[in-house]
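Student: quick one, what's the 3D model for this:
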Amino acid sequence: MSTFETRGFIPFLISLAFYIILGPILLLLCLVNEIVRLGVWFYLQKRYQGKIVLVPDGADALWALKRQERTRMVVVCLKTDKLLPPEKVQENFDQVIFQERDSSGHQVYSKLTQILVTKLGFACWKRDDNFDLKNHIRSLSPNKVFSKNDMQKEITLMFQDMTENRPQWEIILAPRFLDSDEESETSLWIFRYQHAYMDGFSLITLIGKMGHGLTYYIHPQNFHIPFGKKMMFYLNAVIFGPYAFIIITLNKFKSFWPHQIPNDSAKTQTTYAWTNSMNKRDFASGTCPGGVSIGELAALLPYSSLGPQNRFAIFMYHINSLQDDFDRIRSSKEESWKGITGPWIPLSFFVFKVSGRMPVFMHHIVLGGGSNSLMMSNLPISKTKFRMLDVADLLEVWAFPPQPNDTGITLFSAAYENTLKIAISAESSWLKEEELKSIVERIPRVLNEWIKRLD
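Tutor: The predicted structure is shown next:
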């Protein structure tokens, strides 16, 4: 049985004991927390008259935790064949995005006019009475042609937290970008935002409102699972969820990546992307222990609405880094399938939702401590070519996720039309850009080796 295997007779007995011994204590803790939240809600109503309210969704509120050495910002880069004029972008937000209403008549994207703050120890949304869209759209110098190295430096800076003076998101336009000497100049539309505002699927929906031609790989609302399989999926989480929860807790006390001593106090997120190839990192170099912890991000489908929200979940598994490359990828696929079909996804989603409703200092229980050697995720943008604002064709997409916990490498892929772009991130105090670059450059060679073995 692998380290993260969650099913079997012994896991069932441990889960049963958890329900009997710890279940009542956790239920009491949640009840007390909800009573405290009710008191905070009354205070905020009386003191701020609705200007500041508790964040209702725990998966959003989880991102209120600030850690100096970790990041909370998402940076997504869309490469277009022409510049998207700032006035066209603002017009689209004013006339399309901010006019979107749900079935109850509420503004779907009102969250983008609010600021994530902390009051009385809880995550809150603060209405920005001086909200001005112009403050959230800016352009880089039109006189400079940005290379990919220039943009990587800019993107690294974009991971720094935004202030609480206004909503923590912005659009940056890079009029002139040159990916390589062989290509002609293109432009970049960059969306930088605090993860509390939305997850990947919500971002895809937002992008879809900026043009036409977007075709979901997986529609977040139309995803359908037969009733019987859905019942088994959730029943599996109920029966074995407590055992998986114990594994997650114990995982917090383990280190799956050798941290180096930082040379300076400034900790930023190093990024490296701009490649069409991907695969898991070659861990056999000896820099990692034999047991490597892999985490994969997923979304709990279907979504109840297409408004901005967080429905992310995670499943985990171990691989043996000392295995042969080919055997390692085969075993990782087997372990990944166990993770997808096990209790991890509904369990982690439930944990994020519940823990996010706790005081912010308790969010460290979820986002702090040991984590994974490698965290992977994918953003499936569109199966067909997308035209933005009737001005420019979308050519490629890069996505750079935050690193809120102690993860070695974050590998994020963005699928668009027939291309796949990879962004690799790590905390720069112990893994440098040149080291990330060497990982990316090794990927095609490893893939070629596998192809030869398959032949």
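
Student: where in the stretch 101-250 of the chain is pLDDT low?
Tutor: The model of the stretch 101-250 of the chain has pLDDT under 70 over residues 181-182.

Student: could you pull out the helices in it for me?
Tutor: Ranges of helices in the stretch 101-250 of the chain, per DSSP state H, counting those that start in this stretch, are 148-158, 200-208, 227-251.

Student: residue 407: which of these is closest?
Tutor: helix 227-251 (11.8 Å; C-beta to C-beta). From N, CA and C alone the C-beta is placed, and that goes for glycine too.

Student: measure the residue most central in space within the chain to residue 188 for me?
Tutor: Nearest to the mean C-alpha position of the chain, by C-alpha atoms, centre = their mean, lies residue 401 at 5.1 Å. Noted for residue 401: a distance of 18 Å to residue 188, by C-beta to C-beta, to the nearest Å.

Student: kindly report the same for residue 10.
Tutor: Taken as C-beta to C-beta, the span from residue 10 to residue 188 is 52 Å.

Student: more neighbours: which of those two?
Tutor: residue 188 (24 against 11; other C-beta atoms under 10 Å).

Student: and stretch 414-426, which residues are buried?
Tutor: For stretch 414-426, a neighbour-count test (16 or more other C-beta atoms under 10 Å) marks 414-417, 420-426 as buried.

Student: repeat for stretch 345-362
Tutor: 345-360.

Student: what's the answer for stretch 175-188, then?
Tutor: 175-179, 186-188.

Student: where along the stretch 301-450 of the chain do the helices fall?
Tutor: So, for the stretch 301-450 of the chain - with DSSP H, counting those that start in this stretch - the helices run 325-341, 344-355, 364-367, 433-454.

Student: I'd like to know which of those helices lies nearest to residue 307.
Tutor: The nearest among those, by C-beta to C-beta, is helix 344-355 at 16.4 Å.

Student: residues contacting residue 93?
Tutor: residue 133 (C-beta atoms under 8 Å, 6 or more residues apart in numbering).

Student: secondary structure element for it?
Tutor: helix 86-95 (DSSP states H and E).

Student: in TSV, list the buried residues of stretch 175-188 along with distance to residue 70.
Tutor: Putting the buried residues of stretch 175-188 into TSV (distance: C-beta to C-beta, whole Å) gives the following:
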residue	distance to residue 70
175	32
176	33
177	29
178	32
179	30
186	32
187	31
188	26
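
Student: and of the residues you listed, the nearest to residue 310?
Tutor: Nearest to residue 310 among the buried residues of stretch 175-188, with distances taken as C-beta to C-beta, is residue 188, at 25.4 Å.

Student: shouldn't that closest one be in contact with residue 81?
Tutor: No - under the criterion of C-beta atoms under 8 Å, residue 188 makes no contact with residue 81, lying 11.3 Å away.

Student: re earlier: just the helices of the stretch 101-250 of the chain: most buried one?
Tutor: helix 200-208 (a mean of 22; mean count of other C-beta atoms under 10 Å).

Student: what angle separates that helix from helix 86-95?
Tutor: In terms of direction (axes from the mean of the first three to the mean of the last three C-alpha atoms, to 10 degrees), helix 200-208 departs from helix 86-95 by 110 degrees.

Student: quick one: contacts of helix 200-208?
Tutor: For helix 200-208, using C-beta under 8 Å, 6+ apart, the contacting residues are 74, 76, 78, 97, 109, 191, 198, 214, 216, 220, 299, 303, 306-312, 377, 379-382, 386, 399.

Student: filter those residues down to the buried ones, ChimeraX style.
Tutor: Of these, the buried ones go into a single ChimeraX selection, burial set by 16+ other C-beta under 10 Å:
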select :74,76,78,97,109,191,198,214,216,220,299,303,306,307,308,309,310,311,312,377,379,380,381,382,386,399
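
Student: counting only strands, which of the contacts of helix 200-208 make the cut?
Tutor: Using DSSP state E to define strands, the subset of the contacts of helix 200-208 located there is 74, 76, 78, 191, 299, 312, 377, 379-382, 399.

Student: returning to that earlier point: out of the buried residues of stretch 414-426, which two sit at the greatest distance?
Tutor: The widest separation within these (C-beta to C-beta) is 28.3 Å, between 417 and 426.

Student: residues touching residue 358, list them.
Tutor: 33, 58 are the contacts of residue 358 under C-beta under 8 Å, 6+ apart.

Student: switch the cut-off to 10 Å
Tutor: 29-30, 33, 36-37, 58, 61-62, 121-123, 365-366 (C-beta atoms under 10 Å, 6 or more residues apart in numbering).

Student: no further questions, thank you.
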